[in-house]
Every structure is written in structure tokens, then in C-alpha cells.
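**Q** Let me see the structure of the following:
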Amino acid sequence: MSKKSTMTKLNLGTALLELSELGVLDVFIYYNGSGDSGEISEIGLRYKQSMQEKKKDEKYPEKWDELREALEEWAYARLEDEADWYNNEGGEGNIQIQVPSGEYTLHHGIREMHYSDSSGDLKEEDYFKED
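**A** The predicted structure follows:
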């Protein structure tokens, strides 16, 4: 699992300021894991209504690699503190960051396996009845 790295060129605060200046309202970070591994599968951006037309051909800003790295580092660290989302059956979810306020919501689901046993008598089943 990725731990916080000192190699990030941008910290989360700087990334959020830059995203706000670009008209981004929300960041959605989607993750999924199981079997002792996990990953952030996608990061999506929601722009202000006035920016939608301008950004329709440009899904991500020019500095996206640096911004994505800062967001991923923060998200991996936050997930490590929150729940065991990648071991055994794992879990999945998303983190929504409201860019202007810096508030976030973590939507997390944990997978669990349940087993049940049943038994019966084949002689009592319809398979052995004579017509």
C-alpha cells in the first residue's frame, strides 16, 4: 500500500487551490480492493456550470499529473486510517472532496462472505418419484 511520499511536488492544499481556480467544484476519488491489494481506479472532476462548455473537450487540466499525484497520496493515507479496504474480500467506495470548502465525505463499503449449508433427502425429492 502506498504511504505518504515526500516526492509530491504539490501538497493537497495547493492542489485544491489550483483546482478551484480552474472552476472545479468537486473531486471524486474511486477506489477498490480485495485479496491483499487495492488501487484508486479513477479520479473525476465536476466543474462549475459556467465552465462545463469550456471544459467539455478538456476533461483534466494541463497540470493533471501533479494534481492527481497529490490527490492520490492524500486519499491512500486517508484510506489507511479509515478501514481495511484491500485485505480479504476487501471493499470499495469513493471520496468526494468539495473543493471550495475543503470538506470531504468518504463513502465506504466492506465486502463480507457468508456461507450457509443445507441438506435434504434425495429420496423425498421429485427426482425419484415414479410417474
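
**Q** from here on, contacts and neighbour counts on C-alpha atoms
**A** Noted.

**Q** Kindly state the beta-bridge partners for Gln98.
**A** Judged by DSSP bridges, the bridge partners of Gln98 are Asp26, Glu103.

**Q** check contacts around it.
**A** 25-27, 104 (Cα atoms under 8 Å, 6 or more residues apart in numbering).

**Q** Could you look up the SS state of Ser119?
**A** coil (DSSP: H, G, I helix; E, B strand; the rest coil).

**Q** following the worst-scoring helix or strand of the chain on mean pLDDT, which helix or strand shows up next?
**A** Across the helices and strands of the chain, the lowest-confidence element by mean pLDDT, DSSP states H and E is helix 49-55, at a mean of 58. Using DSSP states H and E, the helix or strand that follows helix 49-55 towards the C-terminus is helix 64-82.

**Q** by contact count, what packs against the helix or strand harbouring Ile40?
**A** Assigned by DSSP H and E, Ile40 belongs to strand 37-47. Judged by 3 or more Cα pairs under 8 Å, 6 or more residues apart in numbering; DSSP states H and E, the packing partners of strand 37-47 are strand 24-34.

**Q** And the average pLDDT for the strand it packs on is what?
**A** On average, the pLDDT along strand 24-34 is 91.

**Q** Can you dump the C-alpha atoms of stretch 33-50 in PDB for me?
**A** Presented in PDB, the C-alpha positions along stretch 33-50 are these (Å, rounded to 0.1, in the frame of the first residue of the first chain):
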ATOM      1  CA  GLY A  33      -9.600  -3.500  -3.300                       C
ATOM      2  CA  SER A  34      -9.500  -7.200  -2.300                       C
ATOM      3  CA  GLY A  35      -7.100 -10.100  -1.900                       C
ATOM      4  CA  ASP A  36      -4.400  -8.000  -0.200                       C
ATOM      5  CA  SER A  37      -4.200  -5.300  -2.900                       C
ATOM      6  CA  GLY A  38      -6.100  -2.200  -3.800                       C
ATOM      7  CA  GLU A  39      -6.000   0.800  -6.000                       C
ATOM      8  CA  ILE A  40      -7.500   4.100  -6.800                       C
ATOM      9  CA  SER A  41      -9.300   3.300 -10.000                       C
ATOM     10  CA  GLU A  42     -10.400   6.800 -11.100                       C
ATOM     11  CA  ILE A  43     -10.500  10.400 -10.200                       C
ATOM     12  CA  GLY A  44     -13.300  12.600 -11.600                       C
ATOM     13  CA  LEU A  45     -13.800  16.300 -11.600                       C
ATOM     14  CA  ARG A  46     -17.100  18.300 -11.500                       C
ATOM     15  CA  TYR A  47     -16.800  21.800 -12.800                       C
ATOM     16  CA  LYS A  48     -18.900  24.900 -12.200                       C
ATOM     17  CA  GLN A  49     -21.800  25.100 -14.600                       C
ATOM     18  CA  SER A  50     -20.200  28.100 -16.300                       C
END
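
**Q** That concludes my questions; thank you for your assistance.
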